[in-house]
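J.: build me a model:
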Amino acid sequence: GWVTADVSGFGLGLDDDGYLVSAGLRGRIGENVELEGSVIHTDFGGTDGDDTAFAVGGRYHFNKTFAVGAEYQQSDDVSSILAGVRISF
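T.: Numbers count the residues shown, from 1 in each chain. Down below sits the predicted model:
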């Protein structure tokens with residue numbers, strides 16, 4: 001994937017582009033629950049421009065079309081929690 005970072009404030013100034021590579025496993029536990037784990041590598045170039053994160057997440061499928069989920073990502077510098085919906089068609 002392609003990533004863009006644009007951060008300013010708090011004495012920071014970053015505006016850069018790079019790439020992202022991710023690999024993981026995803027599978028269903030039962031009929032409605034899906035779990036996943038992955039490794040995500042991001043590289044903006046240079047000596048300090050790369051980072052590797054680990055992610056775990058899950059989704060609950062209400063039916064074949066609609067699911068809600070959450071994911072936790074942890075790297076050396078940043079941790080984040082993501083929440084979202086998935087619509088499949």
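J.: avg pLDDT for the longest strand along the chain?
T.: In the chain, ranked by residue count with DSSP state E as the criterion, the top strand is strand 12-29. For strand 12-29, mean pLDDT is 87.
J.: which parts of that strand are buried?
T.: If you call a residue buried by 16 or more other Cβ atoms under 10 Å, then strand 12-29 has these buried ones: G18. The C-beta positions use only the backbone N, C-alpha and C, and glycine is treated the same way.
J.: next one: the helix or strand following that strand to chain centre, how far?
T.: Where DSSP states H and E defines the elements, the next helix or strand beyond strand 12-29 is strand 33-43. Relative to its parent chain, strand 33-43 has a centroid offset of 6 Å by Cα atoms, centre = their mean, to the nearest Å.
J.: for stretch 73-87, same thing?
T.: Distance, centroid of stretch 73-87 to centroid of chain: 5 Å (Cα atoms, centre = their mean).
J.: buried residues in it?
T.: For stretch 73-87, the neighbour count (16+ other Cβ under 10 Å) marks Q73 as buried.
J.: would you mind measuring from S8 to D50?
T.: 21 Å (Cβ to Cβ, to the nearest Å).
J.: looking at those two, which one has more neighbours?
T.: Comparing S8 with D50 by other Cβ atoms under 10 Å, the one with more neighbours is D50, at 13 against 9.
J.: can you tell me the closest non-neighbouring residue to the more buried one?
T.: Residue nearest to D50 in three dimensions, not counting chain neighbours: D43, with 4.2 Å by Cβ to Cβ, 6 or more residues apart in numbering.
J.: got the contact list for the one you found?
T.: 18-20, 49-50 (Cβ atoms under 8 Å, 6 or more residues apart in numbering).
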